[in-house]
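K.L.:
no FASTA, just this:
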């Protein structure tokens, strides 16, 4: 991964650690819980993709079974969206055709690429309608990349450079999706804890600190990253304190100068006329 991607991944890991530490605050909030599970799964996929990216750089082919799980999950998500749409449109044939299970797909090693391509083809042809069920062009692009990668790893050895480029695209999309989930869902969702559980809120804000490539975090006495807004606030306070100190010093200097001037005037004896 690039430096920025590494920083984003590290941030996502810190967020997961914080949210798990304060699990009692959100376990009863169903939507928060489901989205957090999605974030955990996304970060787990990022970890796998990062490892395989490094293996391919070293000339070692990653395990096919790792991508079997990723492809099965992607097929289940998209086929489920097709099923939901078919249920609304009362297309029983289409709904039955895409009624897959995780067990069935995982056992269909040879048929899986063909099944996945059929799901991709139908979803692409009906994308406008399926968008209401949650399907996006990005998710279909990622499904296509997973199909190509799985076929490459399952078949005869091919060009590793092409495989690495495909894995890099999947990794970029996965990271972008996780970052968007954090920004669009978790950031606004955390506002409810600002007064209800301020310790959780502050820990999340600290973990949410985004790094720039090559930058280093400022840490507190516990070794935790300090949020950017806290650093800026502390800098402003320090600047104000320095300004006040300088102003006070200038005032004292002026006062001393005025006192000395008055003393000099008192010591002056006027000449007799």
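P.N.:
That came in fine, so what should we check first? What you see is a predicted model, and the numbers here were worked out from it, not measured in a lab.
K.L.:
how about the strands in the chain?
P.N.:
Assigned by DSSP state E, the strands in the chain number zero.
K.L.:
longest single helix anywhere in it?
P.N.:
As assigned by DSSP state H, the longest helix anywhere in the chain is helix 228-266.
K.L.:
quick one: low-confidence ranges for the chain?
P.N.:
58-61, 154-162, 210-232, 264-273 (pLDDT under 70).
K.L.:
most centrally placed residue in it?
P.N.:
Centrality entry for the chain: nearest residue to the mean C-alpha point is residue 179, 3.0 Å, by Cα atoms, centre = their mean.
K.L.:
Skipping adjacent residues, who's closest to it in space?
P.N.:
Nearest residue to residue 179, sequence neighbours excluded (Cβ to Cβ, 6 or more residues apart in numbering): residue 8, at 5.8 Å. C-beta: built from backbone N, CA, C; applies to glycine.
K.L.:
Also residue 163?
P.N.:
In space, residue 163 is closest to residue 152, 5.0 Å off (Cβ to Cβ, 6+ apart).
K.L.:
ok, the one you found to residue 54 distance?
P.N.:
17 Å (Cβ to Cβ, to the nearest Å).
K.L.:
ditto for residue 130
P.N.:
35 Å.
K.L.:
What of residue 87?
P.N.:
Counting by Cβ to Cβ, the gap from residue 87 to residue 54 is 43 Å.
K.L.:
same question, residue 117
P.N.:
29 Å.
K.L.:
what residues are up against the closest residue to residue 123 other than its chain neighbours?
P.N.:
Nearest residue to residue 123, sequence neighbours excluded (Cβ to Cβ, 6+ apart): residue 78, at 5.2 Å. Residue 78 sits next to 119-120, 123, 135, 139-140, 143 when contact means Cβ atoms under 8 Å, 6 or more residues apart in numbering.
K.L.:
Write the PyMOL selection for whichever of those are buried.
P.N.:
Of the contacts of residue 78, the buried ones go into a single PyMOL selection, burial set by 16 or more other Cβ atoms under 10 Å:
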select buried, resi 119+120+123+135+139+140+143
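K.L.:
Let me have the contacts of residue 78 in a markdown table, adding distance to residue 166 as columns.
P.N.:
What follows is the contacts of residue 78, written out as a markdown table (distance: Cβ to Cβ, whole Å):
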| residue | distance to residue 166 |
| --- | --- |
| 119 | 18 |
| 120 | 15 |
| 123 | 19 |
| 135 | 21 |
| 139 | 16 |
| 140 | 15 |
| 143 | 12 |
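K.L.:
closest to residue 64 among the contacts of residue 78?
P.N.:
Nearest to residue 64 out of the contacts of residue 78 is residue 143 (Cβ to Cβ; 17.1 Å).
K.L.:
returning to that earlier point: what's the neighbour count on the residue nearest to residue 163?
P.N.:
20 (other Cβ atoms under 10 Å).
K.L.:
what about the helices in the stretch 1-150 of the chain?
P.N.:
3-21, 30-57, 64-88, 92-97, 102-107, 112-125, 127-130, 137-154 (DSSP state H, counting those that start in this stretch).
K.L.:
So which of those is nearest residue 255?
P.N.:
When these are compared (using Cβ to Cβ), the closest one is helix 3-21, at 51.8 Å.
K.L.:
What residues does residue 204 make contact with?
P.N.:
Contact analysis of residue 204 by Cβ under 8 Å, 6+ apart lists 15, 18-19, 186, 190, 193.
K.L.:
what do you get if the cut-off is 6 Å, keeping everything else the same?
P.N.:
The contact partners of residue 204, by Cβ atoms under 6 Å, 6 or more residues apart in numbering, come to 18, 190.
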